[in-house]
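> heads up, no residue letters with this:
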């Protein structure tokens with residue numbers, strides 16, 4: 001049925017694939033179809049488009065099953081970042097200039113009021129490489145924090161360094177579900193349900 005809707009929306013011709021072909025007109029027991037009743041083949045495209053939009057709205061977001069993504073996003077947005085460059089505070093969401101040898105410290109506090117176990121982590125993207133340098137677990141009703149300290153090194157001139165706060169619900173409090181493996185600094189994106197860009201640093 002989905003293939004048929006797509007074909008009609010794009011003006012193409014439906015092709016029978018692995019799914020059984022679904023008829024676009026129906027006949028009920030002992031009755032004849034009303035000729036004035038519109039079927040899918042004659043239904044205006046804007047009506048079909050509206051039906052598809054309503055279908056996706058009813059199903060919800062694929063990245064946030066059960067509304068979990070929006071709940072985590074709210075927690076991340078309400079967190080309290082303390083971002084410093086060489087001991088000087090920079091504002092979240094800003095793009096300050098930094099030089100080689102600059103000392104960066106990022107400390108983010110949050111309160112988990114979701115009713116679920118929350119995993120958070122600080123992700124630093126530099127030279128196009130992602131590195132998850134912290135990963136914390138916060139039970140429901142508790143306060144948590146993430147902390148990272150690093151230095152701008154040689155070879156980063158003209159680059160940007162971006163810092164993200166990641167979040168995801170996970171009942172397993174014994175491991176960091178945001179990591180691809182227990183001791184890895186790579187991100188398991190399948191378990192990231194929300195993120196917040198904290199700061200973008202321009203290296204001079």
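Cool, the structure landed. Treat the numbers as computed from the prediction; the structure is a model and nothing was measured. Numbering: from 1, shown residues only.

> Can you give the domain ranges for this structure?
With domains defined by automatic domain parsing, the chain comprises 2-59, 65-203.

> Confidence-wise, which of the ones you listed is weakest overall?
Note on those: domain 2-59 shows the lowest mean pLDDT, a mean of 46.

> What strands flank the helix or strand hosting residue 106, and is each parallel or antiparallel?
Element membership of residue 106, judged by DSSP states H and E, is strand 103-111. Paired strands of strand 103-111, with direction, are strand 80-85 (antiparallel), strand 143-151 (antiparallel) (DSSP bridges).

> How about residues contacting that strand?
Contact with strand 103-111 is made by 75-76, 78-87, 98, 118, 120, 122, 138, 142-152, 161, 163, 165, 198-199, 201, as judged by C-beta atoms under 8 Å, 6 or more residues apart in numbering. For the C-beta atoms, the positions are set from N, CA and C on the backbone; glycine is no exception.

> let's go with 7 Å and repeat that
75, 79-86, 120, 122, 138, 143-152, 163, 165, 198 (C-beta atoms under 7 Å, 6 or more residues apart in numbering).

> What segments of this protein are helices?
In the chain, helices defined by DSSP state H lie at 2-10, 45-59, 68-77, listed in chain order.

> other SSEs contacting the last one?
The reference is to helix 68-77. The contact analysis (3 or more C-beta pairs under 7 Å, 6 or more residues apart in numbering; DSSP states H and E) places helix 68-77 against strand 160-169, strand 194-203.
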